[in-house]
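[1] When you get a sec, could you give me coordinates for this:
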Amino acid sequence: MIDGRAVTLQDIYAARGRLREHLLPTPLRESAWLSGVADARTLLKLESVQLTNSFKIRGAMNAAVRLAQTARPPAIVTASAGNHGRAIALAAERFGLTAVVFTPANAPAIKKAAIRRHGAVLRDEPSDYDTAERLAREFASREDAIFISAYNHPDVIAGAGTIALEILEAMPDVETIVVPVGGGGLASGVGVAIKSAAPHVTVVGVEVTASRPFAVGLARGAITRIDVSPSLADGLVGNLEPGSMTFDIVRQRVDALVSAGEEDLRRAIRGLAAEDHVIAEGAGAAATAAVLSGHAVRPGQRAVVVVSGSNIDLGLLSEILSER
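    This next block holds a predicted model:
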């Protein structure tokens, strides 16, 4: 039973049971290009083709299923750079729940359009993610609704952890799994699953240089507020809320944290499209970017790189693909 303080392997298996009738497993595809770059057998876990084109639907759907089972489900409120909000909107629509999503004003238009399309109330006036999160929590408290964090929620973490179960079943001899890190929900879920079921497997988390709350916080021994810069990986930018359960989980269950710069992200998006015909947004390409820069996978290893989402505006994608 998820108690709000910890997430266990049993919670992740329970989440998989709930999600089985709503979501299909995503492909695990070998990348000859990335394998050659890394000198290691490297496969892509394509969450970019999951429902809503992002891994975020796993956590959102897991939370929505549990809420829908209650006698009088409350409205759901969340803050999101886009993908979690879209996932919450779709999950709420599927179960007849009310959803209100706060996003930064500069969130990608493709993500905001999808949130509206699924019938959620979109509030996109906040200036940045941190402000959106604060306003969403205040709104939820006033309206007696439930706030479901994009990362700091046990159901969200457990849903994300189902990715690791699929990887282990499809590739039992995997040695390293590389995941993007923003608020740490994905890294936490994968970390709990892997370190419980296959502790010999290395979990590598990838932050972007524009926003490294985990690197800074872990170095100082506590969650630390940082200054963040704009990034192509908008989904990975922002501070951790005080007391986030992901901080201790990442500290305990993720073996290494590395970073990817803006040019690394652009190279990864171009390479994934040109070599593997895979579309990735900035955050979705972060793990690939770390492999390209030589920071994530050792030669000779068997590695899985999570491509976490593909919701990139077409104009931006065209611009990046046209670069040399």
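[2] Name the helix or strand for A6, please.
    Using DSSP states H and E, A6 is not contained in any helix or strand.
[3] From S196, how far out is it?
    Going from A6 to S196 by CB to CB, to the nearest Å gives 12 Å. Heads up, the C-betas are built off the backbone N, CA and C, glycines and all.
[4] can you pull the buried residues of stretch 109-123?
    By neighbour count with 16 or more other CB atoms under 10 Å, stretch 109-123 contains the buried residues 110-112, 114-115, 118, 120, 122-123.
[5] Let me know the closest of the residues you listed to A187.
    Closest to A187 out of the buried residues of stretch 109-123 is K111 (21.2 Å), distances taken as CB to CB.
[6] ok, the closest one touching V101?
    No. The criterion here is CB atoms under 8 Å, and K111 misses it with V101 at 9.7 Å.
[7] Give me the common contacts of the two.
    Jointly contacting K111 and V101 under the rule CB atoms under 8 Å, 6 or more residues apart in numbering are G85.
[8] Next, count neighbours for the closest residue in space to D264 that isn't next to it in sequence.
    Of all residues not flanking D264 in the chain, A289 sits nearest, at 3.8 Å (CB to CB, 6 or more residues apart in numbering). Using other CB atoms under 10 Å, A289 has 33 neighbouring residues.
[9] Pull out the CA atoms of stretch 196-216 and give them to me as CSV.
    C-alpha atoms of stretch 196-216 as CSV (Å, rounded to 0.1, in the frame of the first residue of the first chain):
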residue,chain,number,x,y,z
SER,A,196,14.8,-3.7,-5.6
ALA,A,197,14.6,-6.2,-8.5
ALA,A,198,18.1,-6.0,-10.1
PRO,A,199,20.5,-4.1,-7.8
HIS,A,200,23.5,-4.8,-9.9
VAL,A,201,22.1,-2.6,-12.7
THR,A,202,23.5,1.0,-12.8
VAL,A,203,20.9,3.8,-12.9
VAL,A,204,22.3,7.1,-14.4
GLY,A,205,20.3,10.3,-14.1
VAL,A,206,20.7,13.2,-16.5
GLU,A,207,20.0,16.8,-15.5
VAL,A,208,20.4,19.8,-17.9
THR,A,209,23.1,22.3,-17.1
ALA,A,210,20.4,25.0,-17.0
SER,A,211,18.8,23.4,-14.0
ARG,A,212,20.6,21.1,-11.6
PRO,A,213,18.6,21.0,-8.3
PHE,A,214,19.7,17.4,-7.5
ALA,A,215,23.4,18.0,-8.2
VAL,A,216,23.4,21.1,-6.0
